[in-house]
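Engineer: Got a predicted model here, sequence first, then my questions.
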Amino acid sequence: MLAEIITIGDEILIGQIVDTNSAWMAKELNLIGIKVKQVSSVSDDADHIMEALMLAEGRADVILITGGLGPTKDDVTKVTLAKYFHMGFRRDQETLDHVTNIFTSLNRPMIELNRRQADVPDGCKVIQNKNGTAPCMWFEQNGKIYVSMPGVPFEMMYLMTEEILPRLQSAFKLSAIFHKTILTAGIGESFLAQEIEDIENGLPDHIKLAYLPKLGQVRLRLSGTAANEEGLQKEVEFYAGQLIARLKKYVVTDQDIALEKALLNLMEERKLTLSIAESCTGGYISHLITQHPGCSAVFAGAAVTYSNALKTAMLGVLPKTLENFGAVSEETVKEMAQGCLANFKTDYAVAVSGIAGPDGGTEEKHVGTVWVAVASKHRVVARLFRFGNRRTQNIERAAVAALTMVLNELKQDVG
């Protein structure tokens, strides 16, 4: 069973808003056994919408449309759908009553433009939008289902969850789809593929392996499709176990979560705490950590010390160390981590110092040179990384390197 998502709106195409609807819808459809064949974004133009509908009809069983259902002239989705299905219009009384009640409750006048929200193509099924004025419209033609929904995310999500997904599950006999994600760090995509080539080649046709690389990390996603959900899950888990055993050194987690969340979970489970000393990353690692609720169970705090004076004042880095070796050095980053550990009184501390770029490099220390150190009661270790010349990527890579080093030290300490 294949679906296509069409999002409508000039605001998407000019970058004024980000299309989050498609990602959310694709995930929810996948959970009930419907694969998304394609996602298309089109402008508020009738011809463009017509073309998108015709193309979608040729490659999908379910076409889900969001956007362009407002009362103003630039919202042309409803008129275009009526033309596409060769339908006239009717005024849906239930929708009209709903819109009227909304305006009455807000003590606002009901004008003709608002009443037109109740005008729908006369061959569609109307699904009431309890969170807004634009109705949801369900069409069936040539064995295909088309659903037009408002583009406002919370309105669309309500309609999908409460109405559309249950109806689709009733309309089709859907196969089970099961995904298993394994997060790895510290190994590149090509080397990873080489390590597990025989396992990948041995996968049955109904189970696929996808590589999802990101700076400093790669997600492996096993996706299976079958009639029997329980049997499929066991089968996918079996192959996931083979991958994890083979890649044990690089595996962060077998959950579909962020790297820093995996670290937080592991440290909270072991009742361990973490502090951070950041220079070239400027607080980015702390941002990654603190975006997760409950992080305070692990994360004590951070020192963002760009200047040498603050490295000395806040972290106890010796002026002599900075003078002899520089801020971007093994010696300095080790003292930063040790000072952080002592001052914040945590179980682990990680420190980062480097040259993010695009300037600031020297012949001895090029842009992209980054030192990371991890300190604990057991030891302090440091590692040199050489990244590229792009500032943003260098900061992100340094953060991933720091988090990965903490994870590796944890593995070594707790087994």
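Structural biologist: On my side now, so go ahead.

Engineer: Could you pull up phi and psi at the residue lying closest to Phe344 once chain neighbours are set aside?
Structural biologist: Nearest non-adjacent residue to Phe344, counting by C-beta to C-beta, 6 or more residues apart in numbering: Ser275, 3.6 Å away. Heads up, the C-betas are built off the backbone N, CA and C, glycines and all. Main-chain dihedrals, Ser275, degrees, to the nearest 10: phi -130, psi 160.

Engineer: Report the beta-bridge partner residues of Ser275.
Structural biologist: For Ser275, the beta-bridge partners are Gly301, Ala349 (DSSP bridges).

Engineer: how much space is there between it and Ala349?
Structural biologist: Distance of Ser275 to Ala349, computed by C-beta to C-beta, to the nearest Å: 5 Å.

Engineer: ok, which stretches of the stretch 101-250 of the chain are helices?
Structural biologist: Using DSSP state H, counting those that start in this stretch, the helices of the stretch 101-250 of the chain run over 112-115, 153-159, 165-171, 189-195, 197-201, 229-246.

Engineer: Give me the contact list for the third one.
Structural biologist: To tie it back to what came earlier, the one meant is helix 165-171. 28-29, 32, 34, 62, 138, 145, 174 (C-beta atoms under 8 Å, 6 or more residues apart in numbering).

Engineer: Identify the farthest-apart pair in these.
Structural biologist: Trp138 and Leu174 (17.8 Å; C-beta to C-beta).

Engineer: where does the chain dip in pLDDT?
Structural biologist: 415 (pLDDT under 70).

Engineer: quick one: furthest residue from the center of it?
Structural biologist: Distance from the centre of the chain peaks at Lys320, with 44.5 Å (C-alpha atoms, centre = their mean).

Engineer: From Ala399, how far off is the residue nearest to Phe344?
Structural biologist: Distance from Ser275 to Ala399, by C-beta to C-beta: 15 Å.

Engineer: repeat for Lys320
Structural biologist: Taking C-beta to C-beta, one finds Lys320 at 29 Å from Ala399.

Engineer: got it, and Leu96?
Structural biologist: Distance from Leu96 to Ala399, by C-beta to C-beta: 54 Å.

Engineer: which one of the two has more residues nearby?
Structural biologist: Ala399 (26 against 18; other C-beta atoms under 10 Å).

Engineer: Need the CA coordinates for the helix or strand hosting that one. CSV is fine.
Structural biologist: Using DSSP states H and E, Ala399 sits within helix 391-414. The C-alpha coordinates for helix 391-414 follow below in CSV (Å, rounded to 0.1, in the frame of the first residue of the first chain):
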residue,chain,number,x,y,z
ARG,A,391,32.9,26.4,11.1
THR,A,392,29.5,25.0,11.7
GLN,A,393,30.4,21.5,10.7
ASN,A,394,33.6,21.7,12.9
ILE,A,395,31.5,22.7,15.9
GLU,A,396,29.0,19.8,15.3
ARG,A,397,31.8,17.3,14.7
ALA,A,398,33.6,18.4,17.8
ALA,A,399,30.4,17.9,19.8
VAL,A,400,29.8,14.4,18.5
ALA,A,401,33.5,13.5,19.1
ALA,A,402,33.2,14.7,22.7
LEU,A,403,30.0,12.8,23.4
THR,A,404,31.4,9.7,21.8
MET,A,405,34.5,9.9,23.9
VAL,A,406,32.5,10.1,27.1
LEU,A,407,30.5,7.0,26.0
ASN,A,408,33.7,5.1,25.2
GLU,A,409,35.1,5.9,28.7
LEU,A,410,31.8,4.8,30.3
LYS,A,411,32.0,1.5,28.4
GLN,A,412,35.5,1.0,29.6
ASP,A,413,34.7,1.8,33.2
VAL,A,414,31.5,-0.2,33.6
